[in-house]
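K.L.:
coordinates only, sequence not included:
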Ligand code: 5GP
């Protein structure tokens, strides 16, 4: 049986506005914000508002709107940082590397020859996250 969803997880708090985030996109069903421990410049998290731990317990109806925004953000971060490519990552349960138990997709701009930094590594400076968020919002045309 799937583990229960915990509404006290950090992304649920971000979705409820209880803790701050650098939001770059929001619609009725999906939010995107900057990862505080980016694995590369412009590392963005795309998060459905509907509660689920991960892909194992999510309502399949979540995926259409979620992946429409994942694509939108992939295009935006590639443009914002003049990247060569974009990596998507998505983890399910601790054994896979998941650390926050609300479904999300990582969208990371990639540059030829530049490896990813470690997962959940170092905190980025708030002003750098704010500057990068501004570039993504500009690329989205907001
Ligand atoms: P996971 O391992 O669950 O796929 O990834 C969780 C991600 O959330 C990690 O990349 C980590 O850096 C990021 N993260 C953890 N805590 C916070 C937070 O409080 N705010 C934001 N914006 N990102 C977080």
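P.N.:
Everything's here; your move. As the structure is a prediction and not an experimental result, all values here were calculated from the model.

K.L.:
are stretch 10-26 and the ligand in contact anywhere?
P.N.:
Yes. Stretch 10-26 is in contact with the ligand by Cβ under 6 Å from any ligand atom, via 10, 21. C-beta coordinates here come from the backbone N, C-alpha and C atoms, glycine included.

K.L.:
tell me how far the ends of that stretch are from each other?
P.N.:
In stretch 10-26, first residue to last residue: 17 Å (Cα to Cα, to the nearest Å).

K.L.:
cool, stretch 44-54 as well?
P.N.:
17 Å.

K.L.:
can you give me the distance of residue 76 to residue 42?
P.N.:
9 Å (Cβ to Cβ, to the nearest Å).

K.L.:
mind listing the shared neighbours of the two?
P.N.:
Taking Cβ atoms under 8 Å, 6 or more residues apart in numbering as the criterion, residue 76 and residue 42 both touch residue 136.

K.L.:
buried ones in stretch 106-116?
P.N.:
106-110 (16 or more other Cβ atoms under 10 Å).

K.L.:
what about those residues, which are in strands?
P.N.:
106-110 (DSSP state E).

K.L.:
and which of these is nearest the ligand?
P.N.:
Within these, the smallest distance to the ligand is 6.3 Å, found for residue 106 (Cβ to the nearest ligand atom).

K.L.:
beta partners for that closest one?
P.N.:
residue 45, residue 89 (DSSP bridges).

K.L.:
quick thing: my sequence starts at 15, can you match it?
P.N.:
That works, and once the first residue is 15, the last one we named lands at residue 120.

K.L.:
quick one: contacts for it?
P.N.:
49, 53, 57-59, 101-104.

K.L.:
do the same with residue 107
P.N.:
17, 67-68, 70.

K.L.:
cool, thanks, talk later.
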